[in-house]
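In: what follows is a predicted protein model with its sequence.
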Amino acid sequence: MAADKENSGNSPGVGGRRMVALDDYCTAARCTVASSVWDYIDGGSGDETTLRENLAGYRRYRLRPRVLVDVSRCDMRTTLLGSPVALPIAVAPTGFHGLVTPEAESACARAAGEAGALMVVSTFATRRLEDVARVARGPLWMQLYVFRDRTVSEDLVKRAEAAGYRALVVTVDAPVRGRRVRDLRNAFALPPGLAPANFPDVADGSSAELAAQLARRIDPAFTWDDLAWLRSLTRLPIVLKGVLTAEDAALAAELGVAAIVVSNHGGRQLDGSVTALDALPEVVLAVAGRCEVLIDGGIRRGSDVLIALALGARAVLVGRPVLWGMAVSAAEGARDVLSILGAELETAMALCGRKDLASVDASLVRSAS
């Protein structure tokens with residue numbers, strides 16, 4: 001990725017404001033979408049303590065820059081489960097992109113590929129997984145919920161493999177739906193005509209019961225023992241998203257999981273849980289290199305990405321900011337959000353004296369306390 005350290009934003013701006021940081025997109029997006037849609041995107045569960053702590057966690061670390069290093073070129077390239085990417089930043093699975101742009105997940109897939117990033121496509125996308133794959137310009141992983149009717153999950157797995165997706169990202173932190181207070185107060189519902197495209201039998205999204213209808217389909221009895229069943233369906237590598245403890249990370253590694261995403265679902269599930277960043281070091285230690293470790297939640301700056309990498313993550317996943325970008329200018333906005341993060345990461349690496357990702361390690365950070 002060729003990033004311009006002095007001009008990290010490519011957008012000409014909105015309302016006269018040049019878009020040079022993710023906060024600019026946040027401000028613009030909030031003025032663009034309906035208030036109930038904003039609450040759906042921005043909100044968390046309970047008192048939103050975990051949502052706030054996801055952001056605050058990165059402020060609890062300080063970078064330790066080294067000097068007099070040749071950083072005339074900083075190389076951000078890496079691989080994720082064997083897929084080459086230009087930067088260690090991927091698009092997290094977020095549902096219902098059609099809420100923020102008519103181009104929906106198709107716009108996001110194009111943007112991710114153009115930015116050199118991997119995209120994880122949500123089970124609850126508003127474009128069919130095959131349609132997203134057809135326009136993608138980079139590697140795709142498919143998020144998977146395991147449903148009470150296992151044939152539904154089996155069908156999604158087979159479709160994803162046939163469409164060229166490169167991994168299955170099983171979300172394991174949502175056996176039941178967290179109480180998202182903003183959505184409950186708003187009686188949030190998808191607008192008429194917008195529905196999860198991978199489930200043609202689901203009722204029109206105008207019903208406030210849609211989220212509950214989908215949540216009731218997810219199997220709360222899915223356990224570690226069922227991973228063997230899932231593995232029997234596909235040759236795709238399996239990623240577990242939603243791991244926050246060393247105990248679960250060790251189990252995952254023992255069972256041959258290809259990767260873990262350390263995540264608390266963006267603060268949308270269990271309020272009061274540890275942050276992903278706080279959990280990251282113990283997860284990395286527990287897996288001991290047996291599988292790749294990624295992280296999501298609270299990434300707002302390239303320096304945040306660098307902190308996560310220093311603590312052992314191979315890459316980060318970004319959710320809400322990509323939606324902000326799409327709300328402002330569809331694929332261009334999403335691409336610019338990823339490009340801004342990449343440019344900020346490149347600048348942070350250079351100023352810390354780290355010319356490539358292999359040189360990023362725990363010596364780069366210390367606790368701020």
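Out: Arrived safely. Small disclaimer: the values here were computed from a predicted structure and weren't measured. Residues are numbered from 1 along each chain as shown.

In: measure how far the longest helix along the chain is from the centre of its chain, please.
Out: For the chain, the helix with the greatest residue count under DSSP state H is helix 320-351. For helix 320-351, the separation from the chain centroid amounts to 13 Å (computed by CA atoms, centre = their mean, to the nearest Å).

In: the stretch 1-150 of the chain: helices as residue ranges?
Out: With DSSP state H, counting those that start in this stretch applied, the stretch 1-150 of the chain shows helices at 22-32, 35-42, 49-56, 104-115, 129-135, 150-163, listed in chain order.

In: quick one: which of those helices is nearest Val293?
Out: Val293 lies closest, by CB to CB, to one member of the helices of the stretch 1-150 of the chain: helix 49-56, at 17.1 Å. Every residue, glycine included, has its C-beta placed from N, CA and C.

In: show me what that closest one is packed up against.
Out: Contact partners of helix 49-56 among helices and strands, from 3 or more CB pairs under 8 Å, 6 or more residues apart in numbering; DSSP states H and E: none.

In: re earlier: just so I know, which of the helices of the stretch 1-150 of the chain lies nearest Pro321?
Out: Among these, the nearest to Pro321 by CB to CB is helix 22-32 (4.7 Å).

In: would you mind listing the buried residues in that closest one?
Out: Neighbour counts using 16 or more other CB atoms under 10 Å place Leu22, Asp24, Tyr25, Cys26, Thr27, Ala28, Ala29, Thr32 of helix 22-32 among the buried residues.

In: any regions of the chain where pLDDT drops low?
Out: Counting by pLDDT under 70, the chain contains low-confidence residues at 1-16, 200-215.

In: check contacts around the residue nearest to the spatial centre of it.
Out: When the chain is reduced to its mean C-alpha position, the closest residue under CA atoms, centre = their mean turns out to be Ala92, at 1.9 Å. When contacts are counted by CB atoms under 8 Å, 6 or more residues apart in numbering, Ala92 touches Val120, Gly266, Asp296, Leu317, Val318, Gly319, Val322.

In: can we see that at 10 Å?
Out: By CB atoms under 10 Å, 6 or more residues apart in numbering, the contact list for Ala92 reads 119-120, 122, 143, 169, 241, 261, 263, 265-266, 294, 296-297, 299, 316-323.

In: for it, give its distance to Val261.
Out: Plainly put, Ala92 is 8 Å away from Val261 if you go by CB to CB, to the nearest Å.

In: can you check Asp183 too?
Out: Using CB to CB, one gets 23 Å for the distance from Asp183 to Val261.

In: neighbour count: the two, which is higher?
Out: Val261 (31 against 20; other CB atoms under 10 Å).
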